[in-house]
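[1] Provided below for reference: sequence and predicted model.
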Amino acid sequence: MIPIKDDIPTLRISFITYLIIIANVIIFGYEYYLEILPGNQLDMFIGQYALVPAYIVAGQSLWTLVSSMFLHGGFMHVAGNMLFLFIFGNNVEDNMGHIPFLVFYMLCGFAASGLQIFFDPTSTIPNLGASGAIAGILGAYLVLYPRARIYTLIPLGFIFLRWIPALLFLPYWFIIQLASGIGSLFTASAGGGVAFWAHVGGFVCGLILVFIFRKKRQKVMTVEDEWDKYLYGR
């Protein structure tokens, strides 16, 4: 399922969300530039800044806990991550505030990497991508906006668009990641190169930390609520 938009309006510009998206896009552009250069420029760059679990366990290359969150393995990888961040990040940032949201985002990214390392501590395969931190945003969104509806593209051999409640969309996404993570424990090829445990770790971290970072509970207005208020004075 591919989210297109949600129906929760924001009250202010989500500066941090947009800055994270811009940073990821710029760095991916640099990766693409390295890829077209002669030699192994991109491989050397990924090797230096992607997260390698075995190195972290050995206390080496600790900066990659941060740098790996801004690297991606291809256009679809970065496009998918930035789409999820754009749709769900602005509302979570709107609730938390700019700086708390940034701290929350980074902590979820660290938790995501931590769980992936826990399940595969001897791996020398580079881990990269913002999906673990973004998974934390999904967990927070589920707590903050369970009434929200997600306009979703569902590929069933043809284009099928439907509004799906966040209370269904996000748990479904999490269950898929958890099932895939469990599957990866029994066969080396089950993950297909995807760090599913990072997704699980980020999501669970978001579910927990949102209670620390969120503002006081407030009435959430959907787009539909806003129109009702405007048209009928409700």
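    Cool, got the structure. Numbers count the residues shown, from 1 in each chain.
[2] contacts, neighbours, all on C-alpha from now
    Fine.
[3] got any ranges where the protein has weak pLDDT?
    Per-residue confidence of the chain (counting by pLDDT under 70) places the weak regions at 157-159, 188-193, 216-234.
[4] That one: helices as residue ranges?
    Using DSSP state H, the helices found in the chain span residues 15-36, 41-49, 53-57, 64-67, 75-96, 98-119, 131-144, 166-184, 196-213, 223-232.
[5] For the fifth one, name the packing helices and strands.
    Okay, so that is helix 75-96. Helix 75-96 is packed against strand 2-6, helix 15-36, helix 131-144, with contacts defined by 3 or more C-alpha pairs under 8 Å, 6 or more residues apart in numbering; DSSP states H and E.
[6] His98 touches Phe15, doesn't it?
    Yes - His98 lies in contact with Phe15 (C-alpha atoms under 8 Å); the separation is 7.0 Å.
[7] which of those two has more neighbours?
    The residue with more neighbours, out of His98 and Phe15 and counting by other C-alpha atoms under 10 Å, is His98; that gives 18 against 15.
[8] Next up, the contacts around the nearest residue to the more buried one once chain neighbours are set aside.
    Spatial nearest neighbour of His98, excluding adjacent residues (C-alpha to C-alpha, 6 or more residues apart in numbering): Ile16 at 6.0 Å. Ile16 makes contact with Glu93, His98, Ile99, Phe101, Leu102, according to C-alpha atoms under 8 Å, 6 or more residues apart in numbering.
[9] Would you mind finding the most buried of the helices of the chain?
    Comparing the helices of the chain by mean neighbour count (mean count of other C-alpha atoms under 10 Å), helix 131-144 ranks first with a mean of 27.
[10] Compile the helices of the chain into CSV and extend it with columns for distance to Tyr151.
    Compiled in CSV, these are given as follows (distance: least, C-alpha to C-alpha, whole Å):
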stretch, distance to Tyr151
helix 15-36, 20
helix 41-49, 35
helix 53-57, 36
helix 64-67, 32
helix 75-96, 10
helix 98-119, 24
helix 131-144, 15
helix 166-184, 10
helix 196-213, 21
helix 223-232, 13
